[in-house]
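Q: fold the following, please.
(chains A and B)
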Amino acid sequence: MQRYILSRIAQGLVALLLLTVVVFVITRLSGDPVMLMLGVNYTPEDYAILSHYLGLDKPLPMQYLTFLNNVLHGDLGYTLHARMPVIDIILSRLPATIKLGSMVLLVGIVLGVPIGVLAAVKRGSWLDGVARTLALVGQSVPSFWLGIILIGVFSVGLGWLPIAGMGGPLHYVLPTACLGLFVLAAVMRLTRSSMLEVLDSDYIRMARIKGVSERLVVWKHALRNSLIPVVTYIGLLVVAALLAGSVVVEAVFAWPGTGLLAYQAVSTRDFPLIQGLVLIFSAAFIIVNLLVDLLYAYLDPRIRYQKK
Amino acid sequence: MQIAFSSMVKRLKGKALVVKRAPVIPMVILASAVSMALFAPFLAPYSPTMGNLPDKLLPPSWMDGGRTEFLLGTDRLGRDILSRIIYGARASIAVAAAVTLVSGFVGTMAGVVAGYFGGKTDAIIMRLVDMVLSLPLVLIALALAIAIGPSIGNLILIISLLIWGPFARQARAETLSLRERDFVNLARIAGCSNFSIIRRHIIPNILNTIVVLASLQVGMIIVLEASLSFLGAGIPPPDPSWGKMVADGGALIGSAWWVSVFPGLAIFFTVMAGNLFGDWLRDFLDPKLRQV
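A: Now for the predicted structure:
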């Protein structure tokens, strides 16, 4: 177990290091930052001075080491336009994204797990049909389009809900529904297939033979073990789909979180900001991935012993 | 021999059953999307880029004020929505097809090499896969598209670069088990080179799985392309793409809903058809993938 944990942590660190290399390369691909900062009118001397000041006249490996050193000290540079520290801007936008993300997760889990369980237990029933249709739709509908339709119907047409932005509880309804459908569909599908597999296993048959009530069999014995893949998925989702993947939904609803920030950074070509966002979210994702793997090993003894 | 034969009959019977349940409607939708992309100039009634301003924002033909010559209405610049949807299929289908081929090929090769040779090669390739899979997809694609400039070629390159990971994982897992099989060992003893073992014994045996995985990825690729176009980092204007069309109609949702609703429906139906087709293909070719 200890060896497994250590090797997973080492893997995570390697991935993080690789990530900084990738981000560094992307930044260098995106054009000459000196030219971007100088604008149109500049002399070769200006250019030389600024490149020297920014350390861009040093060889690339040296530049990378400087970059890495800065990142490790929490210094992600300054935004191109507002000249504010990148890290401050990102942190100021994080709460809005986390609030929306928590709502989405709550809806996804509270609705998704029970529907998934019931769909598996009553396989082939109308409920199962509804669940499978919902999963298919959630998987296929583009969220930006769904968002626009929801705004059209509930905000513009019926006037029940605010169009965009963040404010009272009502502001949460549409963005949550829009992102939530996707999460709900995924959680439900996973719970269902995982439940089906577990319900077919010997120990469930054993529990039934022993006369354990059906309710206990389903909601205690079976659900516990089926939740393992669901937990993994939710863990990965928290960061992957909700923090960074919500770019589209936050852009549609003008939700003042990190997704909208990313959209704005991209449309104003603010490379230091984009670089910072990519770095932070990928790092968070790698770390969550690591934690989920460890949790997984803890939840499922089979993994623990196998990887000894 | 007898056993092999009877199991073969069983398999064939199973297949016949599944063929009967072939998803006709999704296949028709996919076929029409592909033919729209291929034959757009013959199918589209009007130019997708040239509009007639006096005809702007006409509703669909069945609504009050709609005109029969513009079946699905017109957009802000008086361009025919139907023609733009037909031409817009080109972006979606071209990107989906090219990305599937490129990422499928690269990912499969990487996975086979990792699984076959093992050791350090395996470790390096799989760490790379882990890293690529841990990147926030939309964000990185956006950043890259802006960094190297949005064009259909770059879009294909970027999306391929980001989604070859699942192919590599699947190919590696299958190769690992194939490598230990007798026919591979016998081939090695008979003096086959590594290259020819991979080409003649490994690849043909994992092809089914890869095809199924590819078909399941198509929908995701189309949504990703549409999302990037929606965010302004996809196909550059004036060429139509479904995502961009939805974006154009976003602000008009209260007054001219048809501008964004129809292209969105096109994405929705194509992606759903792709997913249904992929599900069926999986049951048909490779039922063991069901667990994934």
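
Q: can you map out the helices along the stretch 51-200 of chain A?
A: If DSSP state H, counting those that start in this stretch is used as the criterion, the helices of the stretch 51-200 of chain A fall at A:60-72, A:86-121, A:126-140, A:143-150, A:170-199.

Q: kindly provide the distance from residue B:58 to chain A.
A: In this structure, residue B:58 and chain A are 18 Å apart, going by Cβ to the nearest Cβ, to the nearest Å. In short, each C-beta sits where N, CA and C put it, glycine included.

Q: picking that back up, go through the helices of the stretch 51-200 of chain A and name the closest to residue A:162.
A: Closest approach to residue A:162 among the helices of the stretch 51-200 of chain A (Cβ to Cβ): helix A:170-199, 5.2 Å.

Q: low-confidence regions, the stretch 201-308 of chain A specifically.
A: Filtered on pLDDT under 70, the stretch 201-308 of chain A yields the residue ranges A:236-245, A:299-308.

Q: returning to that earlier point: pick the most buried one from the helices of the stretch 51-200 of chain A.
A: Most buried of the helices of the stretch 51-200 of chain A, by mean neighbour count (mean count of other Cβ atoms under 10 Å in any protein chain shown): helix A:143-150, with a mean of 24.

Q: how far does stretch A:143-156 sit from the chain's center?
A: Relative to its parent chain, stretch A:143-156 has a centroid offset of 22 Å by Cα atoms, centre = their mean, to the nearest Å.

Q: where do the strands of the stretch 151-300 of chain A begin and end?
A: Counting by DSSP state E, counting those that start in this stretch, the stretch 151-300 of chain A yields no residue ranges for strands.

Q: how about the residues of it near chain B?
A: A:151-152, A:156-157, A:193, A:197, A:239-240, A:243-245, A:247-248, A:251-252, A:262-263, A:266-267, A:269, A:271, A:274-275, A:277-278, A:281-282, A:285-286, A:289 (Cβ under 8 Å from any Cβ of the partner chain).

Q: swap the cut-off to 6 Å and go again
A: Remark: the part of the stretch 151-300 of chain A in contact with chain B comprises A:151-152, A:156, A:244-245, A:247-248, A:262, A:266, A:274, A:278, A:281-282, A:285-286, using Cβ under 6 Å from any Cβ of the partner chain.

Q: and these, which two are the farthest apart?
A: Taking Cβ to Cβ, no two of these sit farther apart than A:156 and A:286, at 40.9 Å.

Q: neighbour count winner among those two?
A: residue A:286 (24 against 14; other Cβ atoms under 10 Å in any protein chain shown).

Q: contacts only, for the more buried one.
A: Counting by Cβ atoms under 6 Å, 6 or more residues apart in numbering or on different chains, residue A:286 touches A:12, A:15-16, B:134.

Q: ok, residue A:95 to residue A:256 distance?
A: 9 Å (Cβ to Cβ, to the nearest Å).

Q: repeat for residue B:263
A: 28 Å.

Q: between the two, who's got more neighbours?
A: Taking other Cβ under 10 Å, residue B:263 and residue A:256 do not tie; residue B:263 has more neighbours (29 against 18).

Q: quick one, the helix or strand harbouring the more buried one and helix A:126-140 angle?
A: Taking DSSP states H and E as the criterion, residue B:263 maps to helix B:258-285. Between helix B:258-285 and helix A:126-140, the angle comes out at 110 degrees (axes from the mean of the first three to the mean of the last three Cα atoms, to 10 degrees).

Q: for helix B:258-285, what is the distance to the chain centroid?
A: Centre-to-centre, helix B:258-285 and its host chain are 10 Å apart (Cα atoms, centre = their mean).

Q: in terms of secondary structure, what does it contact?
A: In this structure, helix B:258-285 makes packing contacts with helix A:126-140, helix B:24-38, helix B:81-117, helix B:203-230, helix B:242-250, judged by 3 or more Cβ pairs under 6 Å, 6 or more residues apart in numbering or on different chains; DSSP states H and E.

Q: indicate which one of those helices is closest to residue A:87.
A: Nearest of the helices and strands packed on helix B:258-285 (Cβ to Cβ): helix B:203-230, 26.6 Å.

Q: and that closest one with chain A, contact?
A: Yes: for helix B:203-230, a contact with chain A is found by Cβ under 6 Å from any Cβ, at B:223, B:226-227, B:230.

Q: just to revisit the earlier point, out of the residues of the stretch 151-300 of chain A next to chain B, who's the most crowded?
A: For those, neighbours were counted using other Cβ under 10 Å, and residue A:262 has the most, 31 neighbours in all.

Q: was I right about it contacting residue B:141?
A: No: counting by Cβ atoms under 6 Å, residue A:262 stays clear of residue B:141, with 11.2 Å between them.

Q: so how many other residues sit close to residue B:252?
A: For residue B:252, the count of nearby residues is 17 (other Cβ under 10 Å).

Q: and the gap between the closest residue to it other than its chain neighbours and residue B:228?
A: Nearest residue to residue B:252, sequence neighbours excluded (Cβ to Cβ, 6 or more residues apart in numbering or on different chains): residue B:259, at 5.2 Å. Applying Cβ to Cβ, the value for residue B:259 to residue B:228 is 20 Å.

Q: and the pLDDT at the nearest residue to residue B:244 once chain neighbours are set aside?
A: Closest residue in space to residue B:244, ignoring its immediate chain neighbours: residue B:229 at 4.5 Å, by Cβ to Cβ, 6+ apart. Reading off the confidence values, residue B:229 has pLDDT 87.

Q: residue B:229: neighbouring residues, count only.
A: 30.

Q: name the nearest residue to residue B:110, sequence neighbours excluded.
A: Closest to residue B:110 by Cβ to Cβ, 6+ apart is residue B:168, at 4.5 Å.

Q: actually, residue A:191.
A: Leaving aside its sequence neighbours, residue A:191 sits nearest to residue A:116 (Cβ to Cβ, 6+ apart; 2.7 Å).

Q: residues in contact with the one you found?
A: Here residue A:116 is in contact with A:188, A:191-192 (Cβ under 6 Å, 6+ apart).

Q: looking at those residues, spot the one nearest residue B:66.
A: For these, the nearest to residue B:66 is residue A:188 (39.5 Å; Cβ to Cβ).

Q: circling back: neighbour-wise, which of the contacts of residue A:286 leads?
A: That'd be residue B:134 among the contacts of residue A:286, by other Cβ under 10 Å, with 26 neighbours.

Q: check chain B and tell me which residue is nearest its centre.
A: The residue lying closest to the centre of chain B (Cα atoms, centre = their mean) is residue B:218, at 2.1 Å.

Q: and the residue lying closest to that residue once chain neighbours are set aside, what's its pLDDT?
A: What sits nearest to residue B:218 in space, not counting adjacent residues and going by Cβ to Cβ, 6+ apart, is residue B:274, at 4.4 Å. Model confidence at residue B:274, given as pLDDT, is 90.

Q: repeat that for residue B:95.
A: With respect to pLDDT, residue B:95 scores 91.

Q: I'd guessed residue B:40 sits against residue B:86; true?
A: Yes: under the criterion of Cβ under 6 Å, residue B:40 makes contact with residue B:86 at 5.1 Å.

Q: so these two - more neighbours on which side?
A: Just comparing residue B:40 and residue B:86: by other Cβ under 10 Å the higher neighbour count belongs to residue B:86, 26 against 18.
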